[in-house]
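Trainee: For reference, the sequence and a predicted model appear below.
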Amino acid sequence: MKLIPATILTGFLGAGKTTLLNRILREPHGHRIAVIENEFGEENIDHEILVQDSREQIVEMSNGCICCTVRGDLIVALGTLAQKREAGELDFDHVVIETTGLANPGPVAQTFFMDDEVAGHYLLDAVVTVVDARHAMSQLDEHEEAQRQVGFADKLLLSKTDLVDKDAVAALGARLKRINPRAPISKTDFGKVPISEVLDLRGFNLNDKLEIDPDFLSDEEHAHAHHDHEHEHDHACGEHCGHDHAHHDHHHAHHSDDIAAFVFRSDRPFNTSRLDEFLGGVVQVFGPRMLRYKGVLWMEDADRKVLFQGVHQMMGTDIGAKWAEGEVRGSKMVFIGKNLPKESILQGLEQCLV
Ligand SMILES: Nc1nc2c(ncn2[C@@H]2O[C@H](COP(=O)(O)OP(=O)(O)OP(=O)(O)O)[C@@H](O)[C@H]2O)c(=O)[nH]1
């Protein structure tokens, strides 16, 4: 049976999740969407706000946050929806789970891998995070949940850009890319955004399109130039650059994001057993702090790409497409996590190369 794609819609309090969802539910895009709402507390206000479809498709979950106490309820809610669909009582082709503004999307995402019943019916499509352009800077400063929601995202949607100027949007964009260079950023104006930017993103698919924003590193340099006028940028550093970047610390003093990303790239193949052992160890030790990681790898003696990705300790690999004739082989990986020992991990990966 075809798996039902599920989207986790997250974003800090008041970011505009419900506004977006409402818009999506109203638009005639051909998708039939079932919604699982998680409200914190007993007042299901969003339920009142959300448009009611002709068929009952909105399942509410209250009295707790989806990421902790009611994960069991989420499993039940997903199970009930799937059963009703099979029985012909409900007709939908996509599920959207709207989390509370304080939810950590990690455990919600993990539900799709950990529970056999859920995994048997659903495919986690993507984590979509709405970011409030007006308030995100301070929210990211003050709340780790806000950083986590950005770190986990497969797609970032900037809301309320009407309330701030272009420079503020650019500065926020640069910060978001530092936290998560993998997630493309789009704007949403009161929830207005093409449906293709929200559903069917397949961000959790293992495919060889590892989208790391190509401007990630150059933007970082650019952002530093903003904040540190005294520093001379006389060369462009790549992520392998061994310089002691004093200006990084300077910059981070402005926004001390605990959650950040780094990228590993190499044009040499990996030794399989060394890499397995190393990654296994890293995940075991740092798993709780590893929000999201993904990679396309060149393994020694393999004529196909190897794809890997994970959330916390849960890591999966798959065989990808063949390396094409004449294609430049290499590996790239991105790690997003909380205070990860970037240098040790990069050095460790280097040691796994042939
Ligand atoms: N100016 C502006 N306001 C917006 C935009 N998107 C949403 N809002 C407003 O922001 C407020 C919060 O939006 P909601 O959609 O309720 O936010 P939410 O993320 O569901 O909030 P919680 O469920 O409390 O976490 C509402 O007053 C919206 O009208 C936008 O693009 N621009």
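Mentor: Yep, that arrived.
Trainee: Give me every residue in the stretch 1-150 of the chain lying close to the ligand.
Mentor: 11, 13-19, 46, 101 (CB under 6 Å from any ligand atom). Every residue, glycine included, has its C-beta placed from N, CA and C.
Trainee: are any of those buried, and which?
Mentor: In terms of neighbour count (16 or more other CB atoms under 10 Å), the buried residues within these are 11, 14-19, 46, 101.
Trainee: Can you show me the helices along the stretch 101-250 of the chain?
Mentor: Here the stretch 101-250 of the chain has its helices, by DSSP state H, counting those that start in this stretch, at 105-114, 116-121, 136-142, 144-152, 166-179, 216-227, 246-254.
Trainee: thinking again about what came up before, which residue in the residues of the stretch 1-150 of the chain next to the ligand has the weakest pLDDT?
Mentor: Ranked by pLDDT, those bottom out at Asp46, which has 43.
Trainee: so where do the strands sit in the stretch 151-300 of the chain?
Mentor: Ranges of strands in the stretch 151-300 of the chain, per DSSP state E, counting those that start in this stretch, are 155-159, 185-188, 259-266, 290-297.
Trainee: so can I have TSV of those strands showing mean pLDDT, mean neighbour count and distance to the ligand?
Mentor: TSV is the format used below for the strands of the stretch 151-300 of the chain (pLDDT from 0 to 100; neighbours: other CB atoms under 10 Å; distance: least, CB to the nearest ligand atom, whole Å):
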stretch	mean pLDDT	mean neighbour count	distance to the ligand
strand 155-159	97	25	4
strand 185-188	96	18	6
strand 259-266	91	20	19
strand 290-297	90	25	20
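Trainee: Nearest to Ala168, out of the ones you listed?
Mentor: Evaluated over the strands of the stretch 151-300 of the chain, closeness to Ala168 peaks at strand 155-159, with 10.6 Å, by CB to CB.
Trainee: got the angle for the closest one vs helix 144-152?
Mentor: Interaxial angle, strand 155-159 versus helix 144-152 (axes from the mean of the first three to the mean of the last three CA atoms, to 10 degrees): 130 degrees.
Trainee: just to revisit the earlier point, please name whichever of the strands of the stretch 151-300 of the chain is nearest to Val96.
Mentor: Val96 lies closest, by CB to CB, to one member of the strands of the stretch 151-300 of the chain: strand 155-159, at 12.9 Å.
Trainee: need the buried ones among the residues of the stretch 1-150 of the chain next to the ligand in TSV with secondary structure and distance to Glu325, can you?
Mentor: Shown next, in TSV, are these (DSSP: H, G, I helix; E, B strand; the rest coil; distance: CB to CB, whole Å):
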residue	secondary structure	distance to Glu325
Gly11	strand	44
Gly14	coil	52
Ala15	coil	46
Gly16	coil	47
Lys17	helix	46
Thr18	helix	50
Thr19	helix	49
Asp46	helix	53
Gly101	coil	50
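Trainee: Point out where this protein drops to low pLDDT.
Mentor: Judged by pLDDT under 70, the chain has its weakly predicted residues at 38-71, 206-208, 213-256.
Trainee: Quick check, central residue of it?
Mentor: Ala153 (1.9 Å; CA atoms, centre = their mean).
Trainee: who does the residue lying closest to that one once chain neighbours are set aside bridge with?
Mentor: What sits nearest to Ala153 in space, not counting adjacent residues and going by CB to CB, 6 or more residues apart in numbering, is Thr129, at 3.9 Å. Note on Thr129: beta-bridge partners by DSSP bridges are Thr10, Leu156.
Trainee: would you turn the buried ones among the residues of the stretch 1-150 of the chain next to the ligand into JSON lines with distance to Leu74?
Mentor: Shown next, in JSON lines, are those (distance: CB to CB, whole Å):
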{"residue": "Gly11", "distance to Leu74": "18"}
{"residue": "Gly14", "distance to Leu74": "22"}
{"residue": "Ala15", "distance to Leu74": "20"}
{"residue": "Gly16", "distance to Leu74": "22"}
{"residue": "Lys17", "distance to Leu74": "16"}
{"residue": "Thr18", "distance to Leu74": "18"}
{"residue": "Thr19", "distance to Leu74": "23"}
{"residue": "Asp46", "distance to Leu74": "16"}
{"residue": "Gly101", "distance to Leu74": "17"}
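Trainee: between those, which is closest to Leu297?
Mentor: The nearest member of these to Leu297, counting by CB to CB, is Gly11 at 31.7 Å.
Trainee: ok, and the closest non-adjacent residue to the closest one?
Mentor: Distances taken as CB to CB, 6+ apart place Val130 nearest to Gly11, at 3.3 Å, with adjacent residues excluded.
Trainee: how many neighbours does Gly326 have?
Mentor: The burial count assigned to Gly326 is 5, neighbours taken as other CB atoms under 10 Å.
Trainee: should've said Glu350
Mentor: Burial of Glu350 is recorded as 12 neighbouring residues (other CB under 10 Å).
Trainee: what about it, helix or strand, and which?
Mentor: Here Glu350, judged by DSSP states H and E, is contained in helix 342-351.
Trainee: Give the other helices and strands that that helix contacts.
Mentor: For helix 342-351, the packing partners by 3 or more CB pairs under 8 Å, 6 or more residues apart in numbering; DSSP states H and E come out as strand 259-266, helix 272-286, strand 331-338.
Trainee: Adding distance to Lys294, write those out as CSV.
Mentor: Shown next, in CSV, are the helices and strands packed on helix 342-351 (distance: least, CB to CB, whole Å):
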stretch, distance to Lys294
strand 259-266, 10
helix 272-286, 12
strand 331-338, 6
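Trainee: for the ones you listed, which one sits closest to Lys305?
Mentor: Minimum separation from Lys305 across those (CB to CB) falls at strand 331-338, 9.0 Å.
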